[in-house]
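Colleague: prediction below, plus the sequence it came from.
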Amino acid sequence: MDMATGLHRFNMALAPLRTNQRGSSSSSSLFPSKDIFGSGFRPSRALKARQSLRFDAGSVSRIAVSCSTSPTTEPVTVGKKLTTRRDVRNIAIVAHVDHGKTTLVDAMLKQAKVFRDNQFVQERIMDSNDLERERGITILSKNTSITYKGTKINIIDTPGHSDFGGEVERVLNMVEGVLLVVDSVEGPMPQTRFVLKKALEYGHSVVVVVNKIDRPSARPDFVINSTFELFIELNATDEQCDFQVIYASGIKGKAGLSPDNLADDLGPLFEAILRCIPEPTINKDGALQMLVTNIEYDEHKGRIAIGRLHAGLLERGIEVKVCTSDETCRQAKVSELFVYQNFSRVPAENVEAGDICAVCGINDIMIGETIADKSSWKALPTIKVEEPTVKMSFSINTSPFVGREGKYVTSRNLRDRLYRELEKNLAMRVEDGETADTFIISGRGTLHITILIESMRREGYEFMVGPPKVINKRVDDKLLEPFEIATVEVSEEHMGPVVELLGKRRGQMFDMQGLGLEGTSLLKYKIPTRGLLGLRNAILTASRGTAILNTVFDSYGPWAGDISTRDQGSLVAFEDGTTTSYALCSSQERGQMFVSPGMEVYRGQIVGIHQRPGDLSLNVCKKKAATNVRSNKEQTVVLDSPLFYSLDDCIEYIQEDELVEVSPQSIRMCKNPKFAKKR
């Protein structure tokens, strides 16, 4: 038996006690200082002992359960100034993408009676953004709260994709613990490692939720063992390694302390939150301090600052000082104050320390600033997020179709919108480009920047975007580039082409294991970020759409060498005009087309993929001469269906001398005029 299995069985032995016993210990370790193991026992010195321990009912009953508190509305004095609020818990739900965070929050809200019995509630209620619903992912962190047995539980739903890791990093300032949701089949994935690492660095308590336990191929023992090994790899403390495990099915709204015995509701999960997530430690009588961790905008109320109150009492209508880390302050006044109750913001006259609230009236407030007492102000440490790794150029639209669809087309409109994005997107950077109408946008990944592009085109902006490039560093005269950990789920029949593809892009495999699904393997690679550009579509093609690629930033390393990301050239329109069936019939023999008959194109527009390396100019607007019409019946023209490329596909496809033209209704690709002389 390995140490992880021993810990799992040990936790299972304690499960009945965790459920029924309501102790009063305030220690965060499952082991008492003086009990069956003797004085000074620590988990790290007894991992081997766990492998052979066998507990009977008598010995288990003598173990003091650490994470057991009885909710009460009275604060408990910890020191001279610090107190704890037992009527509040602040948690963040973190996980890898598609492991069921938002679905689990849905079930928690429904069972907490947030909605009326006859109220229509759509799926993934927390994904309120149109883009989130269309893509099926969480992009922005969102706050909500429920009340369970007299205790208010503030819940923050966070994104699971690695490109939005900045959203996760900043909200961890507001909580004392996290629910780490892990899929019962896949186990810990790259983003699981990232979010867990950040939570452990903050010293947060972790409750592990093995979700989707009702899947036929679920393997809970493997998932728990892998999660425990991940805790050890990330240098978790002894107390953090003694995590509570909850098995759940978010879509069915059930949870339990064992995979074979789920309750009819999420009661065991709620109990684990009250028992294992620490109460917020506050300075109730101290000077006002609130760190702004998120910004929202309302047409009537203006900018709304969201954060957790660390000390003091915040009241509606009071004058405050807004401070930054460099101790520069300015006067401000709180016009309105809100707290989160169920699924909405509720007006409040005052908010006590330890709670999460929203403040209106400070129109120039920024993320990372501190709302402090006007007389004895002191700024809290500002929020720091990891540096971006990918950059793209934004410029005004210079195609012949400029201004046909867009409402905002000038460089001033583009500049204002991009710099406005920095107010709420801490992980993004904006710099001026080589010309006055060009801007360089840096982000955590291509998806991070693509979401901004999609949001802007829906707002009526029209512009052009260059290909993504990695951000390199030079340390001690050595060129370093970002590397990422890539995991690929692929069936055995398609493993060969996928492995070959990753090898061409300088990927180095360091792990391969079989998944619970028959014939499916999980490949783990360390690969340069450059090699990931355009890789997703290539892997889907090689695996016939069955492979799943996930990535997360790892570190900077030495330059890996040249990488060829695209073997085929582009088919380029030869002249302006409208495409015809006659021209496309002969053009499709040269490759796969992006256009269909009757579409307007312009000179330099990319109309297809060449079947060979290098670009080829085509006349896709050529008309059949009238003198060639004969009396007999004409031959029927058969055209292949054109390829449809989404915005993400276009960003992955283009190379150094190509651009993506983005407008509210159309997405086109074209050759960059600046490179025309070089071709």
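Modeller: Yes, it's here.
Colleague: pairing partners for the helix or strand containing Asn90, with directions?
Modeller: Per DSSP states H and E, Asn90 falls inside strand 88-95. Next to strand 88-95 in the sheet, as set by DSSP bridges, lie strand 151-157 (parallel), strand 177-183 (parallel).
Colleague: mean pLDDT lowest where, among those strands?
Modeller: Of all those, the minimum mean pLDDT falls on strand 151-157 (a mean of 86).
Colleague: contacts for stretch 308-316 next, please.
Modeller: 90, 173-175, 280, 282-291, 293, 334-337, 348-357, 359, 371, 373, 380 (C-beta atoms under 8 Å, 6 or more residues apart in numbering). For glycine as for every other residue, the C-beta is placed from the backbone atoms N, C-alpha and C.
Colleague: quick one: buried residues of it?
Modeller: In terms of neighbour count (16 or more other C-beta atoms under 10 Å), stretch 308-316 has its buried residues at Arg308, Leu309, His310, Ala311, Gly312, Leu314, Arg316.
Colleague: for stretch 217-230, same thing?
Modeller: Residues of stretch 217-230 classed as buried by neighbour count (16+ other C-beta under 10 Å): Ala218, Arg219, Pro220, Phe222, Val223, Ile224, Asn225, Ser226, Thr227, Phe228, Leu230.
Colleague: please apply the same query to stretch 446-453.
Modeller: For stretch 446-453, by 16+ other C-beta under 10 Å, it's Thr446, Leu447, His448, Ile449, Thr450, Ile451, Leu452, Ile453.
Colleague: mean confidence score for the one helix or strand the third one maps to?
Modeller: Assigned by DSSP H and E, His448 belongs to helix 446-458. Per-residue confidence for helix 446-458 averages out to 89 on the pLDDT scale.
Colleague: which helices and strands does it pack with?
Modeller: helix 130-135, strand 390-396, strand 438-443, helix 647-653, strand 658-662 (3 or more C-beta pairs under 8 Å, 6 or more residues apart in numbering; DSSP states H and E).
Colleague: what's the closest of those to Ser491?
Modeller: Nearest to Ser491 among the helices and strands packed on helix 446-458 is helix 647-653 (22.9 Å), distances taken as C-beta to C-beta.
Colleague: residue ranges with poor pLDDT in this structure?
Modeller: Applying pLDDT under 70 to the chain flags residues 1-81, 113-140, 160-163, 165, 325-327, 343, 516-518, 626-636, 676-679.
Colleague: can you report how many residues neighbour Thr565?
Modeller: 17 (other C-beta atoms under 10 Å).
Colleague: next one: it from Leu535, what distance?
Modeller: Going from Thr565 to Leu535 by C-beta to C-beta, to the nearest Å gives 8 Å.
Colleague: isn't Glu492 up against Leu522?
Modeller: No - the criterion here is C-beta atoms under 8 Å, and Glu492 misses it with Leu522 at 11.7 Å.
Colleague: who has more neighbours, the two?
Modeller: Between Glu492 and Leu522, counting by other C-beta under 10 Å, Leu522 is the more crowded of the two (18 against 11).
Colleague: pretty sure that one sits in a strand.
Modeller: Yes - counting by DSSP: H, G, I helix; E, B strand; the rest coil, Leu522 is part of a strand.
Colleague: quickly list what it is bridged to.
Modeller: Glu489, Gln513.
Colleague: residue boundaries of the strands in the stretch 151-300 of the chain?
Modeller: Using DSSP state E, counting those that start in this stretch, the strands of the stretch 151-300 of the chain run over residues 151-157, 177-183, 205-211, 244-249, 254-256, 281-283, 289-298.
Colleague: now mean neighbour count and distance to Ala436 too, for those, in a markdown table please.
Modeller: Shown next, in a markdown table, are the strands of the stretch 151-300 of the chain (neighbours: other C-beta atoms under 10 Å; distance: least, C-beta to C-beta, whole Å):
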| stretch | mean neighbour count | distance to Ala436 |
| --- | --- | --- |
| strand 151-157 | 23 | 40 |
| strand 177-183 | 26 | 45 |
| strand 205-211 | 24 | 49 |
| strand 244-249 | 25 | 54 |
| strand 254-256 | 24 | 57 |
| strand 281-283 | 20 | 50 |
| strand 289-298 | 20 | 28 |
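Colleague: JSON lines for these, including distance to Leu274?
Modeller: Shown next, in JSON lines, are these (distance: least, C-beta to C-beta, whole Å):
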{"stretch": "strand 151-157", "distance to Leu274": "6"}
{"stretch": "strand 177-183", "distance to Leu274": "11"}
{"stretch": "strand 205-211", "distance to Leu274": "11"}
{"stretch": "strand 244-249", "distance to Leu274": "11"}
{"stretch": "strand 254-256", "distance to Leu274": "14"}
{"stretch": "strand 281-283", "distance to Leu274": "16"}
{"stretch": "strand 289-298", "distance to Leu274": "24"}
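Colleague: out of these, which is closest to Ile548?
Modeller: For those, proximity to Ile548 was assessed by C-beta to C-beta; strand 177-183 is nearest, at 11.7 Å.
Colleague: just how off-centre is the closest one within its chain?
Modeller: 14 Å (C-alpha atoms, centre = their mean, to the nearest Å).
Colleague: buried stuff in the strand or helix carrying Asn143?
Modeller: Asn143 is part of strand 142-148, with elements assigned from DSSP H and E. Across strand 142-148, burial judged by 16+ other C-beta under 10 Å covers Lys142, Asn143, Thr144, Ser145, Ile146, Tyr148.
Colleague: picking that back up, could you dump the strands paired with strand 88-95 into CSV and include distance to Leu196?
Modeller: Below are the strands paired with strand 88-95 laid out as CSV (distance: least, C-beta to C-beta, whole Å):
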stretch, distance to Leu196
strand 151-157, 16
strand 177-183, 6
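Colleague: can you say which of those strands is nearest to Met366?
Modeller: Evaluated over those, closeness to Met366 peaks at strand 151-157, with 19.7 Å, by C-beta to C-beta.
Colleague: what does the closest one rub up against?
Modeller: 71, 86-93, 101-102, 105, 108, 126, 138, 141-147, 171, 174-175, 270, 273-274, 340, 355-356.
Colleague: Asp562 in helix, strand or coil?
Modeller: Going by three-state DSSP: Asp562 is coil.
Colleague: how many residues are close by it?
Modeller: By the criterion of other C-beta under 10 Å, Asp562 has 7 neighbours.
Colleague: and Met108, that's in a strand?
Modeller: No - counting by three-state DSSP, one finds Met108 to be helix, located in no strand.
Colleague: enumerate every residue touching it.
Modeller: Residues counted as contacts of Met108 (C-beta under 8 Å, 6+ apart) are Ile146, Ile155, Leu266, Leu269, Phe270.
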